[in-house]
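Asks: task: produce atomic coordinates for the following.
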Amino acid sequence: MAINSVAVVADLGESFGNYTIGDDGALLGLVTSSNIACGFHAGDPRVMDRTVAECVARGIELGAHPGYPDLVGFGRRLIEASEEEIRTDVLYQIGALDAFARVHGGTISHVAPHGRMGSIAQTDAKHARAITDAVAAYDPSYIVICQRGLLAEEARKRDLQVGYVFLADRGYGDDGMPVPRSHEGGLIHDPELIGQRAVQVVQEGTVPSVDGNVVPLGHDADVLLLHGDHPTVLENGTALRAALERAGIRPTGLQDVLAEKAEAALAS
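Replies: This is a model prediction of the structure:
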């Protein structure tokens, strides 16, 4: 099934108080969708308000980016929590972002669990159930952004749409999954390579691994993600968009991508 479009998303709104992370103003000119921090791993009410307002003004899709209550570790540490704690923490954060979306005349399109919470939900049933229970209870029209694994499976059990994500600035292993940031090649610093890999993933469904092999990603590339705290994120995003344009791949919102995919499936 040939899909000629992809969503380009960045993690945004990750500043907090007097601390600034990333260059959201520049990134907003490169993305079609957003993952906005909801105040637990990063962000605060003022940052959320400004970020949502700017996204709505530019026509950029709004996404909730809930994480662990871990400002010190930026949500990248495992927090021991019960299923009920995870569910209610995610529900709380979605509701917080939705308040700003409503005030500014926008709507949330998707939920993308952040950092360690999102990665462990691929293999841990407790996290996968808790996250998808929160999304389904709040608004079952929201798309769950994830990779292959239990989170996608639990989302489908609840009749939630899934948007499969490729981490454009991260290295992948021979299993078709991202390697840890600490692993050699775990974080990619060559913007042109990031663009080349993105096109390969969208068109062929394969990715070069950190060990030099070409491996299947294992899921569609509905979303290309740029991490807002990457030191060369603006160069990465510029190169990625240029590579997509050269390849004739249309950057658009995630809702459009999934609608195009559904139409292609019906036509096949």
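Asks: quick one: classify His230 as helix, strand or coil.
Replies: Assigned with DSSP: H, G, I helix; E, B strand; the rest coil, His230 falls in the coil class.
Asks: tell me the contacts of it?
Replies: 169, 187, 236 (Cβ atoms under 8 Å, 6 or more residues apart in numbering). (C-beta placed from N, C-alpha, C; glycine too.)
Asks: neighbours around the second one, how many?
Replies: This means Leu187. If you count neighbours by other Cβ atoms under 10 Å, Leu187 ends up with 19.
Asks: who does it form a beta bridge with?
Replies: In this entry, Leu187 is beta-bridged to Arg170, by DSSP bridges.
Asks: wait, it sits on Arg181?
Replies: Yes: judged on Cβ atoms under 8 Å, Leu187 makes contact with Arg181 at a distance of 5.5 Å.
Asks: residues in contact with Glu66?
Replies: One thing to correct before we go on: residue 66 is Pro, not Glu. Contact analysis of Pro66 by Cβ under 8 Å, 6+ apart lists 38, 40, 89-90, 93-94, 111, 113-114, 117, 131.
Asks: pLDDT check: weakest of the contacts of His230?
Replies: Within the set of the contacts of His230, pLDDT is lowest for Leu187 (88).
Asks: A helix includes Gly63, no?
Replies: No: applying three-state DSSP, one finds Gly63 to be strand, outside a helix.
Asks: residue contacts, it?
Replies: Remark: with contacts taken as Cβ under 8 Å, 6+ apart, Gly63 is in contact with 9, 33-36, 108-112, 145, 254.
Asks: do Arg129 as well
Replies: Neighbouring residues of Arg129 by Cβ under 8 Å, 6+ apart: 83, 87, 154.
Asks: just send the contacts of His230 back as CSV, with distance to Pro216 too.
Replies: Listed next are the contacts of His230 as CSV, based on distance: Cβ to Cβ, whole Å:
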residue, distance to Pro216
Asp169, 20
Leu187, 22
Asn236, 23
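Asks: ok, of these, which one's closest to Glu245?
Replies: Asn236 (15.1 Å; Cβ to Cβ).
Asks: buried residues in the helix or strand encompassing that closest one?
Replies: Using DSSP states H and E, Asn236 maps to helix 233-247. Residues 233-234, 236-241, 243-244 are the ones in helix 233-247 that count as buried (16 or more other Cβ atoms under 10 Å).
Asks: out of those, which is nearest to Asp23?
Replies: Using Cβ to Cβ, Leu234 comes nearest to Asp23 of the buried residues of helix 233-247, at 6.1 Å.
Asks: how about the closest one: what's its closest non-neighbour residue?
Replies: With Cβ to Cβ, 6 or more residues apart in numbering as the measure, Ala26 is the residue that lies nearest to Leu234, at 5.1 Å, once sequence neighbours are left out.
Asks: Ile36 too?
Replies: Once flanking residues are discounted, Ile36 sits nearest to Gly13: 4.4 Å by Cβ to Cβ, 6+ apart.
Asks: right, and that neighbour touches Val47 too?
Replies: Yes: using Cβ under 8 Å, Gly13 is in contact with Val47, at 5.1 Å.
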